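In: Predicted model follows, preceded by the sequence.
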Amino acid sequence: MLVLAGSSGRVDTPRAQLLADHGATALALKWFGGPGLQPGPWEVPIETFIRALDLLAREVDRLAIVGLSFGAEAAMLTATLDARVGTVVALAPTSVVWQGTDMESGRATSHWTHQDTPLPWLEFDARPSDGGDQGCVELYRRSWRGAPADRLAAATIPVERIPELVLVSGGDDRVWPAADFAEAIVARRERHGIRTTHIHHPRAGHRTVLPGEDAPSAGQEMARGGSVEADTELGRLAWPAISKALRLRQP
């Protein structure tokens, strides 16, 4: 399986190792910020992930992707474009493709491209907000809810193409409204007659701490919402569904 971190740009080796310890063949991928890669999370080719799946396909008989945040966005998009992917676990997911910003020019564009074409995305509604100390969550929520219908439809990820999907969200996510996005994903799949597993904890934040993982530092916790206790509890609640979907070996 492919393991994708979010906007930190890190290689999520600890999570891949955790999954490997439970019997998975797991590849943690750096998808921007390295040689031959985009310098930041904008116009990242979906082919980056498809090539990684090509490598995994030589070793395994089924393909899955586990992604967090921007990595969840990439995971779901890739699964809609590569029919080999049978399962996606999307932690702190989004239901749409979002704006990325070329930090070299300041140009707004898509997070992703496919066949050298930027995928349709939602732009940020950057008007001032009185949301207070809520991180970026109000920006994303306002931009999503206020988007023109045609832009929203074009940017919405066609999640009905994903055979098996597990969503994990926290109600105190201060990065973006992952719980609202997850509910939108569930509703879209229901309209197509497809069931979806959604595990939610009202006090958890942006990062789920799975059993066996170390909790993030206090600084990261403050930026992402939630608490060590709630994020860890969400991971404990989600682990059975994740293990089942990924066919992990239990101790």
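Out: Noted; the coordinates are in hand. Computed from a predicted model, the values in this text were never measured in an experiment.

In: shaky segments in the stretch 51-200 of the chain?
Out: The model of the stretch 51-200 of the chain has pLDDT under 70 over residues 128-135.

In: And what about residue 28, helix, strand or coil?
Out: strand (DSSP: H, G, I helix; E, B strand; the rest coil).

In: what about the residue nearest the centre of the chain, distance to residue 115?
Out: Closest to where the C-alpha atoms of the chain average out (CA atoms, centre = their mean) is residue 72, at 1.5 Å. Distance of residue 72 to residue 115, given as CB to CB, to the nearest Å: 22 Å. Backbone N, C-alpha and C define where each C-beta goes, glycine included.

In: Please, where are all the helices along the stretch 51-200 of the chain?
Out: 70-81, 137-145, 149-155, 178-191 (DSSP state H, counting those that start in this stretch).

In: CSV for those, including distance to residue 101?
Out: Output for the helices of the stretch 51-200 of the chain, formatted as CSV (distance: least, CB to CB, whole Å):
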stretch, distance to residue 101
helix 70-81, 13
helix 137-145, 13
helix 149-155, 16
helix 178-191, 20
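
In: okay, these, which one's buried deepest?
Out: helix 70-81 (a mean of 26; mean count of other CB atoms under 10 Å).

In: Kindly tell me how buried residue 239 is, as a neighbour count.
Out: Counted by other CB atoms under 10 Å, the residues lying close to residue 239 total 18.

In: List the contacts of it.
Out: 210-211 (CB atoms under 8 Å, 6 or more residues apart in numbering).

In: Tell me how far the strand or helix carrying it lies from the chain's centre.
Out: If you go by DSSP states H and E, residue 239 is part of helix 228-246. Distance, stretch centre to chain centre, for helix 228-246: 15 Å (CA atoms, centre = their mean, to the nearest Å).

In: Residue 146 contacts residue 125, correct?
Out: Yes: Residue 146 sits in contact with residue 125 when judged by CB atoms under 8 Å, with a separation of 5.5 Å.

In: between the two, who's got more neighbours?
Out: Shown here are residue 146 and residue 125; by other CB under 10 Å, residue 125 has more neighbours (16 against 11).

In: show me what contacts the more buried one?
Out: Contacts of residue 125 by CB under 8 Å, 6+ apart are 139, 142-143, 146-147.

In: mind redoing it with 6 Å?
Out: Shown in contact with residue 125 (CB atoms under 6 Å, 6 or more residues apart in numbering): 142-143, 146.

In: Mind putting the residues you listed into a markdown table with distance to residue 192?
Out: A markdown table is the format used below for the contacts of residue 125 (distance: CB to CB, whole Å):
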| residue | distance to residue 192 |
| --- | --- |
| 142 | 28 |
| 143 | 25 |
| 146 | 26 |
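
In: Just the closest of those residues to residue 175, please.
Out: Comparing these against residue 175 with CB to CB picks out residue 143 as the nearest, at 13.3 Å.

In: so the closest one touches residue 124, yeah?
Out: Yes: counting by CB atoms under 6 Å, residue 124 is a contact partner of residue 143 at 5.0 Å.

In: Touching both of those two, which residues are there?
Out: In contact with both residue 143 and residue 124: no residue, using CB under 6 Å, 6+ apart.

In: How confident is the prediction for residue 216, by pLDDT?
Out: pLDDT for residue 216: 66.

In: same thing with residue 220?
Out: Model confidence at residue 220 (pLDDT) stands at 45.

In: excluding its backbone neighbours, what's nearest residue 48?
Out: residue 31 (5.5 Å; CB to CB, 6 or more residues apart in numbering).

In: now that neighbour: how far from residue 185?
Out: Note on residue 31: its distance to residue 185, by CB to CB, is 22 Å.

In: If anything else comes up later, I'll come back, but that's it for now.
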